[in-house]
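J.: turn this into a structure:
(one chain, ligands or ions: 1)
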Amino acid sequence: MTDQELVRLALDMRKHSYVPYSRFPVGAALLCADGRVFTGCNVENAAYGSTLCAERAALVKAVSEGCRTGWTALAIAGSGEDFCWPCGACRQMLYEFAPHLRVLAARPDGTFRAAALSELLPHAFGPESLG
Ligand code: THU
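T.: Below is the predicted model of the structure:
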């Protein structure tokens, strides 16, 4: 699976977003070393704080299917003009399982930028921080 293909899956997932409040669909696609891809979209709620981001939807799908390791790349696609980088809560959740994950932040036109999660969340608090 190429980066472009992973970005395309993230872009396509936006069609499943449930976004009556923000009207800002986000899609995500998480690639694992064994070739499996877990996708997700944002799911909002009338109690706004209960909203689930697309990246965390993909993450929870992976973990709940028994896939906790070997995550290689995560593509995210939003609906604004700019590259869609993961929010702080998603960075933290991703760090738990894949501190060296490659993150691909896409624009609606399919162009994207790549960064390491360790760049996006420096000096992170993770499992090893608990001693
Ligand atoms: N959103 C995501 O799905 N991922 C992010 O990393 C940033 C924000 C969603 C949450 C909400 O449904 C909408 O985008 C606007 O914040």
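J.: got the residues of the chain near the ligand?
T.: Counting by C-beta under 6 Å from any ligand atom, the residues of the chain close to the ligand are 19, 22, 24, 26, 42, 44, 51, 53-55, 86-87, 90. Every C-beta, even on glycine, is put in place using the N, C-alpha and C of the backbone.
J.: just the buried residues out of those, in PyMOL syntax.
T.: Selecting only the buried entries of those in PyMOL, with 16 or more other C-beta atoms under 10 Å as the criterion:
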select buried, resi 19+26+42+44+51+53+54+55+86+90
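J.: now the residues of the chain next to the ligand in TSV, with secondary structure?
T.: Converted to TSV, the residues of the chain next to the ligand look like this (DSSP: H, G, I helix; E, B strand; the rest coil):
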residue	secondary structure
Val19	coil
Ser22	coil
Phe24	coil
Val26	coil
Asn42	coil
Glu44	coil
Thr51	coil
Cys53	coil
Ala54	helix
Glu55	helix
Pro86	coil
Cys87	coil
Cys90	helix
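J.: what's the spacing between Ala106 and Ser50?
T.: 26 Å (C-beta to C-beta, to the nearest Å).
J.: so which of these two has more stuff around it?
T.: For Ala106 versus Ser50, neighbours defined as other C-beta atoms under 10 Å are more numerous around Ala106 (25 against 9).
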